[in-house]
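Peer 1: Here you go, sequence then predicted model.
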Amino acid sequence: MSTPTAAPPAVVADTVSKVFFSGSTPVWALEDFSLQLEDGSFTCIVGPSGCGKSTFLRILGGLEERTDGAVTISAVDHPIPAAYVFQEHGLFPWMSVEDNVAFGLRMTGVGAAERRSTARAWLSRVRLDEFARAYPHQLSGGMRQRVAIARAFATGSPVLLMDEPLGALDAQTRMLMQEELTSLWEAERKTVLMVTHDIDEAIVLGDRVLVMSGRPGTLRDDITVPFERPRRLTEIERDPAFTALRSRIWDLLREDAQHAEEEA
Ligand SMILES: Nc1ncnc2c1ncn2[C@@H]1O[C@H](COP(=O)(O)OP(=O)(O)OP(=O)(O)O)[C@@H](O)[C@H]1O
Ligand SMILES: [Mg+2]
């Protein structure tokens, strides 16, 4: 009798290192950073500023070369193996909202009519149908991030890399967007890797929270979030398990922040 084999991880990073050069001085941004992301999982990364989070996402997304180590994205035959959502949306200001969303599909070889209808469908899912012909500057910050998120989902890419996608939003908009992002993810079950500076957000959104050390970034802790889904911050924040988890993450981050200050 054969045992069922588990699906291969959607993303594997094996001892990834990255050195930048500032003149002739090497700056180690990442050192032996490894992780595996289960297909369809939602993973959050937290870590001190400058520890290499964006660098790591950029390496996974093929936007940056690594110095050492290996990266495997299982869906290599997809035209966009991993789609990217930037902090500050990264929309093209000269393109309409609809064209921004459709743009992500160009590389997939889909024809113009289908690009347009897919873009429309995704704008509808993020409740922005009426703004299809508007330009990014005519939207609020939250609306722009919804466009950026719709653009990433619309590519059909199985892996979404999100670098502080909600970082620039006010607290209320941010909470609403967390709920919207969760619903989209629950419906689509993409593999999401999201960087955030907000510990509560990491716990509310993630199946796992990865805590990185200060530069050079390495993995300090890999925490499985124990709360059932669907979950909301307002429902879990008074749970002692939530406060314990928040303290555990905060203690790890504080040690590194203090260390960085002593070195400065
Ligand atoms: N293109 C580059 N050239 C030189 N150094 C770089 C470059 N990009 C990043 N670095 C350096 O690599 C380190 C990690 O940067 P990175 O942007 O990945 O950090 P981060 O964890 O995303 O920080 P933050 O939380 O502030 O966004 C930093 O010291 C940064 O100065
Ligand atoms: Mg960053």
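Peer 2: Cool, got the structure. Residues are numbered from 1 along each chain as shown. Ligands and ions are numbered 1, 2, ... in the order given.

Peer 1: Which residues of the stretch 151-264 of the chain lie near ligand 1?
Peer 2: Within the stretch 151-264 of the chain, the residues that sit near ligand 1 (Cβ under 6 Å from any ligand atom) are residue 215. Where you see a C-beta, it was placed from the backbone N, CA and C, and this is true even at glycine.

Peer 1: and the residue of the stretch 151-264 of the chain nearest ligand 1?
Peer 2: Nearest to ligand 1 in the stretch 151-264 of the chain, going by Cβ to the nearest ligand atom, is residue 215, at a distance of 5.4 Å.

Peer 1: So, low pLDDT: which residues of the stretch 151-264 of the chain?
Peer 2: Along the stretch 151-264 of the chain, segments meeting pLDDT under 70 span 260-261, 263-264.

Peer 1: how about the helices in the stretch 1-150 of the chain?
Peer 2: Remark: helices assigned in the stretch 1-150 of the chain by DSSP state H, counting those that start in this stretch are 53-60, 97-103, 112-125, 141-154.

Peer 1: Off-centre distance for the third one?
Peer 2: Per Cα atoms, centre = their mean, to the nearest Å, the displacement of helix 112-125 from the mean C-alpha position of its chain is 23 Å.

Peer 1: Touching it from outside, list them.
Peer 2: Helix 112-125 has contacts (Cβ atoms under 8 Å, 6 or more residues apart in numbering) with 97-99, 101-102, 105-106, 110, 129, 131-132, 147, 150-151, 153-154, 184.

Peer 1: if we go to 10 Å?
Peer 2: Contacts with helix 112-125, where a contact means Cβ atoms under 10 Å, 6 or more residues apart in numbering, come from 96-106, 108, 110, 128-132, 146-147, 149-156, 180, 183-184, 187-188.

Peer 1: Cool, thanks, talk later.
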